[in-house]
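*Asks:* Quick one: sequence plus predicted model below, questions after.
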Amino acid sequence: MQNNSKVSSTSTPALGKTSRGGAARGGFLARWMGSQRSWDTNFNLLLMALPGILLLFVFAYLPMVGLVIAFKDYRFAEGILGSAWVGFDNFRFLFGTDTAFRITRNTLAMNSIFIVTTTIGALSVAMLMNEVYTSRMSKYYQTMLFFPYFISWVIASYFVFAFLNGEGGMANQLIERFGGDPPSWYRSPQYWPWILTLAHIWNSIGFSSIVYLAGILGISPELFEAAKIDGASKWQQIRYITLPLLYPLIIILVLLAIGRIFNADFGLFFFVPRDTAMLYSTTDVIDTFVYRSLVQLGNISMAAAAGFYQSSVGFVLVITANWIVRKINRDYSLF
């Protein structure tokens with residue numbers, strides 16, 4: 001009896017140690033692979049996400065192999081691997097001209113204006129739509145606001161041209177009717193930051209307002225009812241209820257926009273100004289420069305260097321913006 005008790009007492013800690021080690025290993029695997037129950041539950045969702053994951057891998061990650069072109073003197077006959085390595089010569093040539101400063105300035109300035117104006121405009125439209133959401137006409141309003149998002153910039157450029165055309169354009173006719181001297185719009189670059197901003201708002205405000213409207217509809221109506229009982233005005237409800245509860249959504253969308261601040265809308269900046277050389281001082285951005293480098297100059301290495309610069313700075317900006325948000329309020333950060 002005594003020997004058996006000794007055996008059992010000495011064997012128990014070993015068993016406990018083994019079980020704890022197995023639990024630790026199981027916890028590690030569960031954290032990285034998920035439990036069997038989790039896989040069984042989410043298997044169908046994983047299958048639904050698989051096409052999107054494959055598309056992301058094919059169109060976003062596989063092309064990253066071509067980043068090496070930015071550091072080579074690319075030749076078609078020699079291929080990517082056979083082309084001569086030139087290091088940072090493409091970047092030195094790019095930044096050795098005024099073009100790099102111009103396209104960087106225009107891209108940052110215009111996208112910054114777009115972020116501010118679109119956010120303010122979309123929030124305003126979403127709050128107005130929330131006031132008439134129960135109306136029978138609300139669906140019509142939403143459709144009319146959302147419709148421009150699906151119109152190609154090629155088609156929109158003809159609308160703009162019909163409005164600003166020097167010969168019979170609607171804008172010039174109105175200016176002449178009021179006794180003014182109509183300008184030559186497509187030879188005056190100083191007007192185009194405003195024109196492009198209005199075109200961007202017209203195109204994107206509908207989609208953005210729908211996102212913010214969904215966030216407003218997710219706020220509990222009891223908060224607004226309590227505010228009305230306390231005598232709060234509509235502006236006070238917006239200031240103390242709607243906007244504070246929308247802050248996380250606003251910050252996430254702004255962070256995503258900052259991440260693409262170096263990616264200009266090619267269709268907007270190329271088709272709407274009709275690729276007019278006299279407007280390059282305010283309408284030429286990184287995307288249009290890359291396109292012209294490929295099509296007109298045939299300089300693939302220069303285009304790759306500009307694209308690499310665009311992506312790298314955009315990545316740094318979104319990391320920096322997210323770090324600042326984490327310092328202010330960790331709950332509002334994207335990651």
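*Replies:* Arrived safely, thanks for sending.

*Asks:* for the helix or strand containing residue 317, which positions count as buried?
*Replies:* If you go by DSSP states H and E, residue 317 is part of helix 300-328. Neighbour counts over helix 300-328 (16 or more other CB atoms under 10 Å) mark 300-310, 313-314, 317-318, 321-322, 325 as buried. To be clear about C-beta, it is placed using only N, CA and C from the backbone, and glycine gets the same treatment.

*Asks:* Tell me where the model's unsure across the stretch 1-150 of the chain.
*Replies:* Where the stretch 1-150 of the chain drops to pLDDT under 70, the residues are 1-37.

*Asks:* Which parts of it are helices?
*Replies:* Using DSSP state H, counting those that start in this stretch, the helices of the stretch 1-150 of the chain run over 2-33, 36-56, 79-82, 89-95, 98-131, 138-146.

*Asks:* Run the chain-centre distance for the shortest one.
*Replies:* The offset between the C-alpha centroid of helix 79-82 and the centroid of the whole chain comes to 33 Å, using CA atoms, centre = their mean, to the nearest Å.

*Asks:* Contacts for that helix, please.
*Replies:* 65, 66, 68, 69, 72, 74, 75 (CB atoms under 8 Å, 6 or more residues apart in numbering).

*Asks:* Drop anything exposed from those.
*Replies:* Buried subset of the contacts of helix 79-82 (neighbour count, 16+ other CB under 10 Å): 69, 72, 74.

*Asks:* of all the residues you listed, which comes closest to residue 156?
*Replies:* Closest approach between those and residue 156, by CB to CB: residue 69, at 32.8 Å.

*Asks:* which residues does that closest one contact?
*Replies:* Shown in contact with residue 69 (CB under 8 Å, 6+ apart): 80, 83, 300, 301, 304.

*Asks:* Determine the number of other residues adjacent to the second one.
*Replies:* Here the count is done by other CB atoms under 10 Å, and residue 83 has 19 residues near it.

*Asks:* In space, what's closest to it - neighbours in sequence excluded?
*Replies:* In space, and not counting its chain neighbours, residue 83 is closest to residue 72: 4.3 Å by CB to CB, 6 or more residues apart in numbering.

*Asks:* Make sure the one you found is actually in contact with residue 88.
*Replies:* No. The pair residue 72 / residue 88 is not scored as a contact, 11.3 Å apart, by CB atoms under 8 Å.

*Asks:* so who does the residue positioned nearest the centre of the chain touch?
*Replies:* Geometric centre of the chain, nearest residue: residue 257, 3.9 Å, by CA atoms, centre = their mean. Counting by CB under 8 Å, 6+ apart, residue 257 touches 111, 114, 115.

*Asks:* Just the buried subset of those, written out for PyMOL, thanks.
*Replies:* A single PyMOL command selects the buried members of these (16+ other CB under 10 Å):
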select buried, resi 111+114+115
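
*Asks:* Just name the closest of the contacts of residue 257 to residue 194, please.
*Replies:* So of the contacts of residue 257, ranked by how close each gets to residue 194 (CB to CB), first place is residue 114, at 12.3 Å.

*Asks:* from what I can see the closest one touches residue 199, true?
*Replies:* No. Using CB under 8 Å, residue 114 makes no contact with residue 199, being 10.2 Å away.
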